[in-house]
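# Below is the sequence, then the predicted model.
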Amino acid sequence: MQSKREKIISAAIDLFAEKGFGNTSTAEIAAKSQVAHGTIFYHFKSKQGILYEVLRQILEKTSTAYKEIVADHLSGYACIEELLHREMTIVEQHSKEVMVLIRDMTDEIHSPDSQSHQLIKSFLEFKIDLLCDFLRKGIADNSIRRVPVEETAWFLDAALYGVMHSSLIKQLSLPFLYENAKQLCLTAIKSQTF
């Protein structure tokens, strides 16, 4: 049985994914979660607080999935391949939460002083650092061709963000879109001798 806090988060995920953060009121969240309106403010100080918790949970799941790769003693190329696979698994299993994450990325809620902005910034720094580590490892073990490391890490992240945005937000039904993008990225970095 879900606690009231969990019901609020679940209702917010549904509404934020469907309507966007700015178009969802706390009254709607209360009605959908079947709690009194004041209960929302007991558990969360504001609607932004609910958003922060939704983002924190999905980014924590994603970070945990990425951190597990390091323990797997793989080539750099295999590490990146596994990271891309895990990212797609997260998107498939938590599509509403991921939609909340990417849907309102340009809204004022992500102003540099907001908690949500800091959370996303920290996660992105972690992800780019991890991609850079995997690229360096791959260059050293000759599984990845010599590429500009930081620029390539940012490109990989941007390419996959674009695919997520197209499939979730624009709801383009393109079979194998993610798999094709993943293969294109992997082919671009793979060493000719690996």
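Nice, thanks for sending it over.

# Now for the nearest residue to F194 once chain neighbours are set aside: which residues touch it?
Excluding the flanking residues, the one nearest F194 by Cβ to Cβ, 6 or more residues apart in numbering is S143, at 4.4 Å. Every C-beta, even on glycine, is put in place using the N, C-alpha and C of the backbone. Neighbouring residues of S143 by Cβ atoms under 8 Å, 6 or more residues apart in numbering: 75-78, 190-191, 194.

# What residues of whichever helix in the chain runs longest count as buried?
Ranked by number of residues, the top helix in the chain under DSSP state H is helix 115-140. Neighbour-count burial for helix 115-140, counted by 16 or more other Cβ atoms under 10 Å, picks out 116-117, 119-120, 123, 127-128, 130-131, 134-135, 137-139.

# send the alpha carbons of whichever helix or strand comes after that helix over as PDB?
With elements assigned by DSSP states H and E, the helix or strand that comes after helix 115-140 is helix 149-164. Extracted in PDB, the C-alpha atoms of helix 149-164 (Å, rounded to 0.1, in the frame of the first residue of the first chain):
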ATOM      1  CA  VAL A 149      37.200  12.700 -25.400                       C
ATOM      2  CA  GLU A 150      35.100  15.500 -23.800                       C
ATOM      3  CA  GLU A 151      33.500  16.600 -27.100                       C
ATOM      4  CA  THR A 152      32.600  12.900 -27.900                       C
ATOM      5  CA  ALA A 153      31.100  12.400 -24.500                       C
ATOM      6  CA  TRP A 154      28.900  15.500 -25.000                       C
ATOM      7  CA  PHE A 155      27.900  14.300 -28.500                       C
ATOM      8  CA  LEU A 156      26.900  10.900 -27.200                       C
ATOM      9  CA  ASP A 157      24.700  12.400 -24.500                       C
ATOM     10  CA  ALA A 158      23.100  14.900 -26.900                       C
ATOM     11  CA  ALA A 159      22.400  12.300 -29.500                       C
ATOM     12  CA  LEU A 160      20.600  10.000 -27.100                       C
ATOM     13  CA  TYR A 161      18.800  13.000 -25.500                       C
ATOM     14  CA  GLY A 162      17.500  13.800 -29.000                       C
ATOM     15  CA  VAL A 163      16.300  10.300 -29.500                       C
ATOM     16  CA  MET A 164      14.500  10.300 -26.100                       C
END
